[in-house]
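Asks: test case, fold it:
(one chain, ligands or ions: 1)
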Amino acid sequence: MAGTLLLAACIPNSGRPSKAPKRPPQAQADPGRITHQCHADLTREGVKFKALPDRSFGGGCTALGAVQLLEIGTPVTNLGAMTCPLARGFARWTREAVQPSARVWLGSPVARIESFGSYSCRPVNGQSGNKLSEHGRANAVDVSAFVLADGRRITVLDAWSGRDEKVRKFLRAVHDAGCRRFQVAMGPDSNGFHRNHFHFDLGPWPYCR
Ligand SMILES: [Zn+2]
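Replies: Numbering: from 1, shown residues only. This is a model prediction of the structure:
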């Protein structure tokens, strides 16, 4: 299966809405002010990051109000531009869900999170004519694996339905935490395109599966 196809299919087109829309009131407000507040939040929370210049790449693809995360307390592979609110949510998810869940279920901290990346200019499902994926706005991130301090490597692909119950519970705990922190959280139960990663985004439509 082509990796590009898997990566291209990161927006839901079926399944249950998870909750009422929770787009915050400040979504109507000045984007510059939102970004400024988000930078302040990251700094206060001890996150090291680089603010990126606003970019438009053609085809509707943009990276506006984006940052490059440099240090969130846990190394993460493959992250590129992320809108600041997505980056803030991701750093909090790592700190407040991934690490505590690993201690509870696995008895070891997470030494590294592996991602398939964040920004990527592509339409939903890679099909021309489909609307732009949130990845094309630097507003989505795909997480594929967790490497533990004790050396174990837990991949969404192998472990979601694997034999180790504690590992399965860990993965569900961090997926469910993603549902609470992001607008969209998708994993292997959503569709075949997500059998090997969790997709999180801050697009307009809430969805959790
Ligand atoms: Zn995705």
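Asks: all contacts plus neighbour counts: C-alpha atoms, from now on.
Replies: OK.
Asks: so what's Gly129 up against?
Replies: Counting by C-alpha atoms under 8 Å, 6 or more residues apart in numbering, Gly129 makes contact with Pro123.
Asks: how near is it to Ser190?
Replies: Distance from Gly129 to Ser190, counting by C-alpha to C-alpha, to the nearest Å: 22 Å.
Asks: likewise Gly73?
Replies: According to C-alpha to C-alpha, Gly73 stands 29 Å off from Ser190.
Asks: for the two, indicate the residue with more neighbours.
Replies: Ser190 (19 against 15; other C-alpha atoms under 10 Å).
Asks: that one - nearest residue in space that isn't next to it in sequence?
Replies: Counting by C-alpha to C-alpha, 6 or more residues apart in numbering, Ser190 lies nearest to Arg209, which is 5.1 Å off, once chain neighbours are set aside.
Asks: the one you found against Met186, yeah?
Replies: Yes - counting by C-alpha atoms under 8 Å, Met186 is a contact partner of Arg209 at 5.0 Å.
Asks: of the two, who's got more company?
Replies: Neighbour count, other C-alpha under 10 Å: between Arg209 and Met186, Met186 has more, with 26 against 20.
Asks: now do the contacts for the more buried one.
Replies: Applying C-alpha under 8 Å, 6+ apart to Met186 gives the contacts 10, 12, 175, 194, 198-200, 207-209.
Asks: for Phe146, same thing?
Replies: Phe146 makes contact with 110-114, 153-155, according to C-alpha under 8 Å, 6+ apart.
Asks: wait, what's in contact with Val167?
Replies: Counted by C-alpha under 8 Å, 6+ apart, Val167 has contacts 105-106, 154, 159-160.
Asks: what about 7 Å?
Replies: By C-alpha atoms under 7 Å, 6 or more residues apart in numbering, the contact list for Val167 reads 105-106, 159.
Asks: next, it: secondary structure please.
Replies: Three-state assignment for Val167 (DSSP: H, G, I helix; E, B strand; the rest coil): helix.
Asks: send me stretch 167-174 as PDB with only the CA atoms.
Replies: What follows is stretch 167-174 as a C-alpha-only set of coordinates in PDB (Å, rounded to 0.1, in the frame of the first residue of the first chain):
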ATOM      1  CA  VAL A 167      -0.700  -1.500  25.400                       C
ATOM      2  CA  ARG A 168      -4.200  -1.500  23.800                       C
ATOM      3  CA  LYS A 169      -5.500   0.400  26.800                       C
ATOM      4  CA  PHE A 170      -2.600   2.900  26.500                       C
ATOM      5  CA  LEU A 171      -3.400   3.500  22.900                       C
ATOM      6  CA  ARG A 172      -7.100   4.000  23.600                       C
ATOM      7  CA  ALA A 173      -6.400   6.400  26.400                       C
ATOM      8  CA  VAL A 174      -4.200   8.600  24.300                       C
END
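Asks: many thanks, I have nothing further to ask.
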